[in-house]
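Asks: no sequence on this one, just coordinates:
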DNA sequence: TATATTTTGACAGCTACTCTCATTTCATGG
DNA sequence: CCATGAAATGAGAGTAGCTGTCAAAATATA
């Protein structure tokens, strides 16, 4: 989602030599930094948490923190689902109507994202609502997701992925889903997220339903 | 658009005492800072331009710059059209179909925004494409515009402005228009912007047109 | 002209972030 | 098992955005 190199967390596939000590250490460090950050943010809030504190708790130097994550927001937000989404999208049957494919894939992405641990998903979306800089960073990464969506739409429909129409369509989806996440967080994560996403996609596909206020 | 107090640039309406010396100086300072910023950014680029340089050229102290604009990005981006948009929207006839009202108002907002001077509009959108932090800030302010749109939709359709459906609808419009601006900037501002916006609104209203690649 | 209020400037301070360079840690070939 | 090369790390200095405080200057009011 942010263009960073995705660490391979899956158990090593047969045939490929298992990663060396260096790779394993890298992954461990990365996770240590993230874990430390989550804990500190829960304890003291986002702004009050400094890179130095994170470094100290993760038992690395501040420079190392920046070597792993370009910005503080990225420590909280980074995920690497975009390639997965692309893959899933390509795997859908070619004759399936586009909106259906989209629905399936997004639903799958959500269940993957939730797997991270419910607590983390909730913290993320809460920070998204509360901390402007985090929200900004999130929007940045969503616009990258938008680009990827354009690509997928292009492959699927034979359209030019760079055309205004495709780009607008993709960004309106991304914007709508982002708002859905924020809505969910504002409701204290009480509603069922997948149901919200379904309603959001309905709106994007068919416009506002007839007024029944 | 950014929640800042909008300076009253309109000629003083009859009956209201003309602004005192203080108000006039404030406006002058504000414009001096902006003008200095635009010039410096054109000369050296955005990142290379520091607040100190801006302050020096505008002949104020750095602290004053921050007193007028909360962040560096705001100096470039701030505009105050949201209240205008709301007003225009309320002025449309109540029986006009919603999409038509939207189209009219957006078109009007554009022509107002362009009036600023074509050069400034172009610089803004260019920075939006090139400088991530500016793009982020822009997205922030667009999400505020989204909130306002929700309000307007609520007033117009009698719907709850805080409902998921309305919010998703508003944000998908805002996202689509944002992408349209970026597209325009990427094409070196060659296409007619209003035509692009029309195409974008078509996509949002009716989905992607039938494939005619 | 005297007084109250607002605006400004100077300064100090914090923190995210960058860059450089020496040191340590791991991989590899003999 | 050891020597060589490469990669990761740590330490430190430096930049710049941004916040706060407080005294001085400019402006309004009486």
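Replies: Structure's in. What do you need? All figures in this text were calculated on a predicted structure; none of them were measured in a lab.

Asks: DNA strand D contacts on chain A?
Replies: A:22, A:25, A:26, A:29, A:59, A:60, A:61, A:62, A:63, A:64, A:67, A:68 (Cβ under 7 Å from any atom of the strand). Every residue, glycine included, has its C-beta placed from N, CA and C.

Asks: buried members of the residues you listed into ChimeraX, please.
Replies: Of the residues of chain A next to DNA strand D, the buried ones can be selected in ChimeraX as follows, counting by 16 or more other Cβ atoms under 10 Å in any protein chain shown:
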select /A:29,60,68
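
Asks: including secondary structure, could the residues of chain A next to DNA strand D go into CSV?
Replies: Formatted as CSV, the residues of chain A next to DNA strand D follow (DSSP: H, G, I helix; E, B strand; the rest coil):
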residue, secondary structure
A:22, helix
A:25, helix
A:26, helix
A:29, helix
A:59, coil
A:60, coil
A:61, coil
A:62, helix
A:63, helix
A:64, helix
A:67, helix
A:68, helix
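
Asks: which of the residues of chain A next to DNA strand D sit farthest apart?
Replies: Using Cβ to Cβ, the residues of chain A next to DNA strand D span at most 21.3 Å, a distance reached by A:22 and A:62.

Asks: picking up where we left off before, can I get the residues of chain A next to DNA strand D in JSON lines with distance to chain B?
Replies: As requested, these are exported to JSON lines (distance: Cβ to the nearest Cβ, whole Å):
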{"residue": "A:22", "distance to chain B": "31"}
{"residue": "A:25", "distance to chain B": "30"}
{"residue": "A:26", "distance to chain B": "26"}
{"residue": "A:29", "distance to chain B": "26"}
{"residue": "A:59", "distance to chain B": "31"}
{"residue": "A:60", "distance to chain B": "26"}
{"residue": "A:61", "distance to chain B": "26"}
{"residue": "A:62", "distance to chain B": "22"}
{"residue": "A:63", "distance to chain B": "22"}
{"residue": "A:64", "distance to chain B": "24"}
{"residue": "A:67", "distance to chain B": "20"}
{"residue": "A:68", "distance to chain B": "19"}
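
Asks: how close does residue A:163 get to residue A:124?
Replies: 33 Å (Cβ to Cβ, to the nearest Å).

Asks: got it, and residue A:170?
Replies: Residue A:170 is 22 Å from residue A:124, by Cβ to Cβ.

Asks: for the spatially most central residue of chain A, report the pLDDT, please.
Replies: A centroid search over chain A (Cα atoms, centre = their mean) returns residue A:79, at 5.1 Å, as the residue closest to the centre. For residue A:79, the pLDDT comes out at 75.

Asks: which SS state does it fall under?
Replies: coil.

Asks: dump the residues of chain A next to DNA strand D into JSON lines; add pLDDT and distance to residue A:192 as well.
Replies: As requested, those are exported to JSON lines (pLDDT from 0 to 100; distance: Cβ to Cβ, whole Å):
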{"residue": "A:22", "pLDDT": "84", "distance to residue A:192": "42"}
{"residue": "A:25", "pLDDT": "95", "distance to residue A:192": "40"}
{"residue": "A:26", "pLDDT": "95", "distance to residue A:192": "37"}
{"residue": "A:29", "pLDDT": "97", "distance to residue A:192": "36"}
{"residue": "A:59", "pLDDT": "97", "distance to residue A:192": "39"}
{"residue": "A:60", "pLDDT": "97", "distance to residue A:192": "39"}
{"residue": "A:61", "pLDDT": "97", "distance to residue A:192": "43"}
{"residue": "A:62", "pLDDT": "98", "distance to residue A:192": "41"}
{"residue": "A:63", "pLDDT": "97", "distance to residue A:192": "43"}
{"residue": "A:64", "pLDDT": "98", "distance to residue A:192": "40"}
{"residue": "A:67", "pLDDT": "97", "distance to residue A:192": "39"}
{"residue": "A:68", "pLDDT": "97", "distance to residue A:192": "34"}
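
Asks: coming back round to it: and residue A:170 and residue A:124? Which one has more around it.
Replies: Between residue A:170 and residue A:124, counted using other Cβ atoms under 10 Å in any protein chain shown, residue A:170 has the larger neighbour count: 27 against 19.

Asks: buried sites along the lengthiest helix in chain A?
Replies: Counting residues, the longest helix found in chain A (DSSP state H) is helix A:132-157. Buried residues in helix A:132-157, defined by neighbour count with 16+ other Cβ under 10 Å: A:134-143, A:145-154, A:156.

Asks: other SSEs contacting the helix or strand harbouring residue A:177?
Replies: Assigned by DSSP states H and E, residue A:177 belongs to helix A:164-186. Here helix A:164-186 touches helix A:118-130, helix A:132-157, helix A:193-206, helix B:164-186, helix B:193-206, going by 3 or more Cβ pairs under 8 Å, 6 or more residues apart in numbering or on different chains; DSSP states H and E.

Asks: reformat these as a markdown table; add mean pLDDT and distance to residue A:44.
Replies: Converted to a markdown table, the helices and strands packed on helix A:164-186 look like this (pLDDT from 0 to 100; distance: least, Cβ to Cβ, whole Å):
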| stretch | mean pLDDT | distance to residue A:44 |
| --- | --- | --- |
| helix A:118-130 | 89 | 13 |
| helix A:132-157 | 89 | 15 |
| helix A:193-206 | 95 | 27 |
| helix B:164-186 | 95 | 31 |
| helix B:193-206 | 95 | 42 |
